[in-house]
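Chemist: need a 3D model of the following:
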Amino acid sequence: MAEIPGVCPDCARTQAGLTQARAAHRNSRRLFGLPEAPPRRAEGVRCSLCACECVIGEGERGFCGLRTVEGGRLRHIAGTPRRGILHWYRDPLPTNCVADWVCAGSAQIGRHNLAVFYQSCTLDCLYCQNWHFRQVEARSQAGMSAEELARQANPATFCVCYFGGDPASQMPHALASARLLAERGVVICWETAGTSNPRLLSRAVQLSLESGGCIKFDLKAYTEALHIALTGWSNRQTLSNFALAARRFGERPSPPPVVASTLLVPGYVDADEVGRIARFIARLNPDIPYALLGFAPSYLMPDLPPTSVSHAEAARQAALEAGLRNVRIGNRHLLGRDY
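Modeler: Residues are numbered from 1 along each chain as shown. Sure thing, here's the model as predicted:
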């Protein structure tokens with residue numbers, strides 16, 4: 001058990017355990033002056049961009065920190081086509097893409113991926129590998145328009161992938177830049193926890209289908225209580241959005257337009273939990289590729305060990321027994337033998 005959230009997986013499934021975990025998330029948010037929970041003001045203005053569905057009061061910020069209300073109207077600090085808060089760089093191909101064993105980019109030696117990290121998120125993962133985005137103060141950043149981002153592509157740019165944080169927190173900006181990049185012949189990919197408004201998620205899937213890219217869903221847990229304990233929020237919209245995307249898998253099975261992955265958090269996301277996730281995926285389409293990723297201690301859970309080889313192998317076996325046909329252990333170099 002990690003010191004934070006301070007509950008074991010079994011306890012996390014109880015009300016008492018969730019109370020403890022939610023306290024850990026409130027403390028996590030306070031560290032960076034972010035809203036402790038999605039606001040629910042009786043007289044507020046609703047934001048429907050993601051699963052949080054914040055109802056924001058005057059002068060208050062939404063959970064992602066990028067929406068506020070001024071004069072009774074919703075104001076976007078960032079995440080619009082005119083202004084995104086992000087970090088980007090050129091990543092030579094092949095790279096350590098979650099879908100690298102099934103994506104077209106892995107064969108594009110000499111070209112590069114435009115890696116776009118949005119510096120905001122719709123969840124609060126206590127083990128976040130890219131937690132440094134929380135240090136960014138959105139109001140003081142110069143930002144970049146969708147057009148400016150699209151202009152960074154050159155003849156050697158094969159694909160773009162939107163990461164984070166999570167692109168769900170700035171999806172209008174991501175979609176606007178993705179459309180411009182697709183017009184330039186760039187392959188469009190996404191890596192997301194799947195919390196977007198379903199209407200926006202459908203547009204992202206469409207762009208990937210048309211351009212030859214994929215959308216990679218980070219399915220952190222299947223059990224809702226465990227998902228809340230680890231990330232601070234429900235996975236209901238994630239699972240619903242994944243099912244929405246999976247229905248279009250057969251439109252272009254190669255390269256696959258939808259890929260799933262799960263981070264194997266020691267002691268929390270075990271083979272049994274992976275089996276639950278895999279059964280969910282297999283009911284939708286057993287050919288959807290599934291990557292199991294090694295955990296590296298980070299953020300507020302640095303006291304856990306790296307994922308062990310035996311943990312990863314047991315998880316892979318559980319996924320295969322659940323009916324999936326294409327399961328891979330990714331980033332094996334991170335695996336250890338501590339347990």
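
Chemist: relative to Gly59, how far out is the most far-flung residue of the chain relative to its centre?
Modeler: The C-alpha centroid of the chain is most remote from Gly71, which lies 32.5 Å away (C-alpha atoms, centre = their mean). Distance, Gly71 to Gly59, by C-beta to C-beta, to the nearest Å: 10 Å. Placement of C-beta: from N, CA and C, glycine included.

Chemist: likewise for Cys159?
Modeler: 41 Å.

Chemist: ok so, going back, identify the residue nearest the residue farthest from the centre of the chain in space, chain neighbours excluded?
Modeler: Nearest in space to Gly71, with sequence neighbours left out and distances taken as C-beta to C-beta, 6 or more residues apart in numbering, is Glu58 at 8.0 Å.

Chemist: other SSEs contacting the worst-scoring helix or strand of the chain on mean pLDDT?
Modeler: Lowest by mean pLDDT, DSSP states H and E among the helices and strands of the chain is helix 9-12, with a mean of 84. Judged by 3 or more C-beta pairs under 8 Å, 6 or more residues apart in numbering; DSSP states H and E, helix 9-12 is in contact with helix 15-30, helix 224-231.

Chemist: kindly format the C-alpha coordinates of it as CSV.
Modeler: The C-alpha atoms that make up helix 9-12 are tabulated as CSV, following Å, rounded to 0.1, in the frame of the first residue of the first chain:
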residue,chain,number,x,y,z
PRO,A,9,-7.2,-1.6,-3.2
ASP,A,10,-9.7,-3.5,-1.2
CYS,A,11,-10.3,-0.6,1.2
ALA,A,12,-10.6,1.8,-1.8
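
Chemist: now it, how far from the chain's geometric center?
Modeler: 23 Å (C-alpha atoms, centre = their mean, to the nearest Å).

Chemist: buried sites along that helix?
Modeler: Pro9, Cys11, Ala12 (16 or more other C-beta atoms under 10 Å).

Chemist: ok, stretch 7-20 next?
Modeler: Val7, Pro9, Cys11, Ala12, Arg13, Gly17, Leu18, Gln20.

Chemist: got the contact list for the residue nearest to Gly71?
Modeler: By C-beta atoms under 8 Å, 6 or more residues apart in numbering, the residues touching Glu58 are Gly44, Val69, Glu70, Gly71, Gly72.

Chemist: closest to Pro155 among those?
Modeler: Glu70 (43.1 Å; C-beta to C-beta).

Chemist: any idea how far Ala138 is from the closest one?
Modeler: 15 Å.

Chemist: among these two, which residue is more densely surrounded?
Modeler: Ala138 (18 against 10; other C-beta atoms under 10 Å).

Chemist: just give the number of residues close to Arg41.
Modeler: Neighbour number of Arg41 under other C-beta under 10 Å is 14.

Chemist: any idea how far it lies from Pro35?
Modeler: 12 Å.

Chemist: and if you look at Ile281?
Modeler: Ile281 is 32 Å from Pro35, by C-beta to C-beta.

Chemist: these two: which is more packed in?
Modeler: Ile281 (27 against 18).

Chemist: just the strands in the stretch 151-300 of the chain please.
Modeler: Along the stretch 151-300 of the chain, counting by DSSP state E, counting those that start in this stretch, strands occupy 157-163, 187-192, 215-218, 258-264, 290-294.

Chemist: quick one: strands adjacent to the shortest one?
Modeler: So that's strand 215-218. strand 187-192 (parallel), strand 258-264 (parallel) (DSSP bridges).

Chemist: what mean pLDDT does the first one get?
Modeler: What it means is strand 187-192. In this model, strand 187-192 has an average pLDDT of 98.

Chemist: so what touches that strand?
Modeler: Against strand 187-192 from outside (C-beta under 8 Å, 6+ apart): 97-99, 103-105, 158-164, 166-168, 174, 178, 181-182, 204, 207-208, 210-218.

Chemist: these, buried ones only, as a PyMOL selection?
Modeler: The buried residues among the contacts of strand 187-192 can be selected in PyMOL (16+ other C-beta under 10 Å) with this line:
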select buried, resi 97+98+99+103+104+105+158+159+160+161+162+163+164+166+167+168+174+178+181+182+204+207+208+211+212+213+214+215+216+217+218
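
Chemist: so what's the residue count around the nearest residue to Leu334 once chain neighbours are set aside?
Modeler: Nearest non-adjacent residue to Leu334, counting by C-beta to C-beta, 6+ apart: Gly294, 3.5 Å away. Using other C-beta under 10 Å, Gly294 has 21 neighbouring residues.

Chemist: equivalent analysis for Leu219, please.
Modeler: With other C-beta under 10 Å as criterion, Leu219 counts 24.

Chemist: domain map for the chain?
Modeler: 18-76, 86-334 (automatic domain parsing).

Chemist: those: which one's closest to Glu3?
Modeler: Smallest distance to Glu3 across these (C-beta to C-beta): 5.5 Å, for domain 86-334.

Chemist: and the gap between the residue lying closest to Leu49 once chain neighbours are set aside and Ala221?
Modeler: Distances taken as C-beta to C-beta, 6+ apart place Asn197 nearest to Leu49, at 5.7 Å, with adjacent residues excluded. Distance of Asn197 to Ala221, given as C-beta to C-beta: 22 Å.

Chemist: tell me the contacts of Leu201?
Modeler: Counting by C-beta under 8 Å, 6+ apart, Leu201 has contacts Gly194, Asn241, Leu244, Ala245.
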